[in-house]
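coords please:
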Amino acid sequence: MVVFTGAGVSTESGIPDFRSPGGVWSKMKPIYFQEFVGSEARRREAWTRVFSGAAGWVGKEPNAGHFAVARLVHSGRVSSVITQNVDNLHQASGVPDSKVIELHGNASYATCLACGVRHELEDLRPVFVDRGEIPVCRECGDLVKTATISFGQQMPEEPMLQAEAETQLCDLFLVLGSSLVVTPAALFPARAKQYGAKLVIVNRDETPLDDIADLVLHDEIGPTMTAAMRDLN
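Here you go, the predicted model:
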């Protein structure tokens, strides 16, 4: 089995989704990658959002849906968790890093855009909050950015290749909490179906792929997955 998760799996942890009323992009406009690279003012705004917690992507706890996915992984039934989320909650719920494929990156740390060195946010906090300096790489001095994939930024090649390989090999592709409208990530469920896998979608609202799915449940993720896991041995 491959589990594919979107924002809906994390809303029960208090993390807002992106596009619905009250979501992240209804409260603030996204900062495009080219803006971040080209404008000191936009970089400062981006780091202000990070350390003020304005986006609300980090600092929350996993919910029942995350723990159900982790239980499936530890049962040996799941080969990977492909996620559109950047909140690190699959790892926090006990899914090994090696099993999580992050298509849109991770908001819980930062990386250098030039050399790729990882930077912990708590190490960067005094740089920006206390000294008012925009963080740069400790190794090469280039720009540092949270390890999320921004609008206009190229999708990460390795996770995309890993997700494609997992999609080709799985017997069951389980979608949890994704609207399935953001491409190229949303293409994977349809490909799984083309490769011969069963497709199951659990999402509060309808998705464009409901018609080709083998099972569709329009319900909340946590209660649904908790009920589904009761008979798991």
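
Can you give me the buried ones in stretch 210-229?
A213, V216, L217, E220, I221, G222, T224, M225, T226 (16 or more other Cβ atoms under 10 Å). Any C-beta I mention is one placed from the backbone N, CA and C, and that applies to glycine too.

CSV for those residues, including pLDDT?
Formatted as CSV, the entries for the buried residues of stretch 210-229 read as follows, by pLDDT from 0 to 100:
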residue, pLDDT
A213, 97
V216, 98
L217, 97
E220, 93
I221, 95
G222, 94
T224, 94
M225, 94
T226, 92
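
which of the residues you listed lies closest to M1?
M225 (12.7 Å; Cβ to Cβ).

which other residues reach stretch 47-57?
14-16, 24, 27-28, 31, 59, 86-87, 107, 121, 124-125, 128-129, 134-135, 146 (Cβ atoms under 8 Å, 6 or more residues apart in numbering).

wait, I meant stretch 62-74
So stretch 62-74 is in contact with 1, 3, 5, 9-10, 12-13, 78, 81, 89-90, 92-96, 99, 176-177, 221-223, 225-226, 228-229, 232, going by Cβ under 8 Å, 6+ apart.

still on that earlier bit, in strands only, show me the buried residues of stretch 210-229.
Among the buried residues of stretch 210-229, the ones falling in strands (DSSP state E) are V216, L217.

how far away is G177 from G59?
Remark: distance between G177 and G59 (Cβ to Cβ, to the nearest Å) = 19 Å.

now R77
When R77 is compared with G59 (using Cβ to Cβ), they lie 30 Å apart.

Over to F67?
In this structure, F67 and G59 are 18 Å apart, going by Cβ to Cβ.

which one of the two has more residues nearby?
Regarding F67 and G59, a neighbour count based on other Cβ atoms under 10 Å identifies F67 as having more, with 19 against 12.

how close does the more buried one sit to L215?
Counting by Cβ to Cβ, the separation of F67 from L215 is 22 Å.

Can you say which of the contacts of stretch 47-57 are buried?
Those of those that meet the buried threshold are I15, P16, V24, I31, V86, D87, A107, L121, L124, F128, P135, T146, by 16+ other Cβ under 10 Å.

Filter the residues you listed down to the ones in strands?
When strands are assigned by DSSP E, the members of the buried ones among the contacts of stretch 47-57 inside them are A107, T146.

okay if I get the buried ones among the contacts of stretch 47-57 as CSV plus pLDDT and distance to A190?
Formatted as CSV, the entries for these read as follows, by pLDDT from 0 to 100; distance: Cβ to Cβ, whole Å:
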residue, pLDDT, distance to A190
I15, 87, 26
P16, 77, 27
V24, 59, 26
I31, 93, 30
V86, 93, 23
D87, 93, 25
A107, 93, 27
L121, 95, 36
L124, 97, 39
F128, 96, 41
P135, 96, 39
T146, 95, 30
